[in-house]
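Colleague: I need the structure of the sequence given here:
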Amino acid sequence: MIPSRHLIFEVNKFSSQAANVVAHLIGLIDTDFSARIENDLMPGLMMAGITTAAYMDMYRRGFYIRALRYEDLVARPLDMCRVILEFCRLPMSLAEQAVIAFDVDSQRNSTLAMSVIGHFKEPEMTPEVTEQLNALLKKYGVPLIGEPGVIEGTLSCCQ
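Modeller: Here you go, the predicted structure:
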């Protein structure tokens with residue numbers, strides 16, 4: 001799927017309408033890539049926004065799914081692993097193994113391996129970039145940059 005997404009984002013630089021056609025041709029029926037890519041953070045934000053909006057829709061329609069915050073997982077990995085295992089009805093005894101697994105690059109054999117992407121410098125978050133990204137987040141109906149990022153149904157170890 002990574003090459004397909006890359007193609008969509010490259011096409012989007014020239015035409016957001018063409019990017020939508022490509023997305024629909026490869027099977028991304030309910031996605032909208034109509035926003036022009038104006039900075040290096042937009043492709044990732046578009047994927048996160050589309051995914052989060054789809055999650056929120058499914059959660060509100062009663063699907064048995066829950067979100068979790070990356071920040072919570074990093075701050076309290078063992079506690080969050082227990083919460084996740086409990087939600088999935090899996091043995092709590094797996095929690096410590098799950099935490100140990102975080103030290104392994106799960107993408108080590110792909111183009112997303114830390115050894116590949118780890119050398120890229122982080123894009124600068126200027127007020128203009130923040131404004132562009134927030135406009136896109138607003139379109140997807142998800143929390144904006146600078147707002148609390150907790151959405152409905154988010155699992156937490158601190159409830």
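
Colleague: If I look at the spatially most central residue of the chain, what pLDDT would I see?
Modeller: Closest residue to the average C-alpha location of the chain: residue 48 at 3.4 Å, with CA atoms, centre = their mean. On the pLDDT scale, residue 48 is placed at 84.

Colleague: For whichever helix in the chain runs longest, buried residues please.
Modeller: Criterion DSSP state H: the longest helix present in the chain is helix 42-60. Neighbour counts over helix 42-60 (16 or more other CB atoms under 10 Å) mark 42, 43, 45, 46, 49, 50, 52, 53, 55, 56, 59 as buried. In this view, the C-beta of every residue, glycine as well, is placed from N, C-alpha and C.

Colleague: Now do the strands in this protein.
Modeller: 67-68, 154-155 (DSSP state E).

Colleague: Reformat the ones you listed as a markdown table; add distance to residue 113, mean pLDDT and mean neighbour count.
Modeller: Converted to a markdown table, the strands of the chain look like this (distance: least, CB to CB, whole Å; pLDDT from 0 to 100; neighbours: other CB atoms under 10 Å):
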| stretch | distance to residue 113 | mean pLDDT | mean neighbour count |
| --- | --- | --- | --- |
| strand 67-68 | 23 | 92 | 16 |
| strand 154-155 | 28 | 91 | 16 |
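
Colleague: distance between stretch 127-147 and the chain's centre?
Modeller: How far stretch 127-147 lies from its chain's middle: 14 Å, per CA atoms, centre = their mean, to the nearest Å.

Colleague: Look up how far residue 86 lies from the spatially closest residue to residue 125 that is not a sequence neighbour.
Modeller: Distance criterion CB to CB, 6 or more residues apart in numbering; nearest residue to residue 125, sequence neighbours excluded, is residue 41 at 7.6 Å. In this view, residue 41 and residue 86 are 34 Å apart by CB to CB, to the nearest Å.
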